[in-house]
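Q: Pasted the sequence and its predicted model underneath.
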Amino acid sequence: MIKLKDLLLERIVTDNDFHKVINMAKKATGAKPKIPSRTIKLCSEVKKDGFHKLDYQGKKSGRAREPHKLMYQYYAYVQGWGHSKYKNDWDWRSDKADKILNWVQTSGYNSNIFEYDYLKYHVNTDIQASQVVANIMPGSKDEEPAYYLVKDYLNSFGAKRGGRDEDMLVAKVDWW
């Protein structure tokens, strides 16, 4: 369960804040964003499945996340989705090869643009939910309940079980 106290203390990173920093990094380094094509494909699968429209309880929310936009795709990229370059969402901080991420980390200007908890957890669970239901035919009646599908998925990767992530993932798969 997400506590109101946690939500009140959270720093919100708007799309404008994010783009302002990324544009400064592009200008300073002369580099373009290098998001892997597999990461972009995973983000488009999330949009196709409709998980980007759900809140943490698995209900349609008034404001959908936008998987086709750069901010969502960068959040997926720095969390390691679609490539093997980063194992967790902290590995990007030591990457010298990606000039934009390196500039964001070393400039001291605003490295916390990747610390927006709401988007971090939703990107993670959106993509996980999309992967859980990838081999299920829409409308099939003989599937296991969402809890068991999620449990099998998380156990197969040795992922952390319990808590907010698993609850959000179960709610999203149950909606599907």
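A: That came through, no problem.
Q: The most centrally placed residue in the chain is in what secondary structure piece?
A: With distances taken as CA atoms, centre = their mean, residue 123 lies nearest the centre of the chain, 1.9 Å away. Assigned by DSSP states H and E, residue 123 belongs to helix 117-132.
Q: Next, the buried residues of that helix.
A: For helix 117-132, a neighbour-count test (16 or more other CB atoms under 10 Å) marks 117, 119-132 as buried. C-beta: built from backbone N, CA, C; applies to glycine.
Q: now stretch 22-29
A: By neighbour count on 16+ other CB under 10 Å, the buried set for stretch 22-29 is 22, 24-26, 29.
Q: Can you flag which of those belong to helices?
A: Among the buried residues of stretch 22-29, the ones falling in helices (DSSP state H) are 22, 24-26, 29.
Q: Just give me the neighbour total for residue 80.
A: Other residues near residue 80 number 17, with proximity taken as other CB atoms under 10 Å.
Q: Now it: closest residue in space that isn't a chain neighbour?
A: Closest residue to residue 80 apart from its sequence neighbours, by CB to CB, 6 or more residues apart in numbering: residue 86 at 4.2 Å.
Q: Over to residue 68?
A: The shortest distance from residue 68 to any non-neighbouring residue, by CB to CB, 6+ apart, is to residue 47 (6.3 Å).
Q: I'd assumed residue 64 was in contact with the one you found.
A: No. Contact criterion CB atoms under 8 Å: residue 47 and residue 64 do not qualify, at 9.0 Å.
Q: Looking at the two, which is more packed in?
A: Higher neighbour count among residue 47 and residue 64: residue 47, with 18 against 14, using other CB under 10 Å.
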